[in-house]
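[1] sequence first, then the predicted structure:
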Amino acid sequence: MTEVDSETTEATGGRRIAVLGEMLELGDEAVEAHREIGRFAAESGVDLVVAVGGDLAKQLALAAGAAGVPEIALVGDNATAASYLGSILRPDDVVLVKASRGGQLWQIAQALTGQPITGL
């Protein structure tokens, strides 16, 4: 896992927002791996986790909340995530978007930056 650079967001005063999708093809390790990422978000000082997807995203969101992330949102798809983020983002917020390639979460980043939305 990569360490989050705390100086980047603290200097700007913005929130740390992690938009996290499901990690596909993990087999028997999937549920615990998603819970681990939720806990890691809390340990990294994330202010808001937006979990995108179904049951595995729910496990991630629950673990993040239990570990201390102050705000949690669970959304079913990329369009909903982009719409939600567009309504709450502030100028100094820092957003990380991460998931398996199959989740196509780059679509959220594209929507937030005004780019055309692309698929696989």
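    Received, thanks.
[2] only C-alpha atoms for contact and neighbour calcs from this point on.
    Noted.
[3] tell me the secondary structure at the residue nearest the centre of the chain.
    For the chain, the residue sitting closest to the mean C-alpha position, by CA atoms, centre = their mean, is residue 19 at 1.7 Å. Per DSSP: H, G, I helix; E, B strand; the rest coil, the local secondary structure of residue 19 is strand.
[4] bridging residues for it?
    residue 50, residue 97 (DSSP bridges).
[5] mind listing what it touches?
    49-52, 95-98 (CA atoms under 8 Å, 6 or more residues apart in numbering).
[6] out of those residues, who's nearest residue 117?
    residue 97 (14.9 Å; CA to CA).
[7] tell me the pLDDT of the residue nearest to the centre of the chain.
    The model reports residue 19 with a pLDDT of 97.
[8] just say helix, strand or coil for residue 69.
    Under three-state DSSP, residue 69 comes out as coil.
[9] find the nearest non-adjacent residue to it, please.
    residue 42 (5.0 Å; CA to CA, 6 or more residues apart in numbering).
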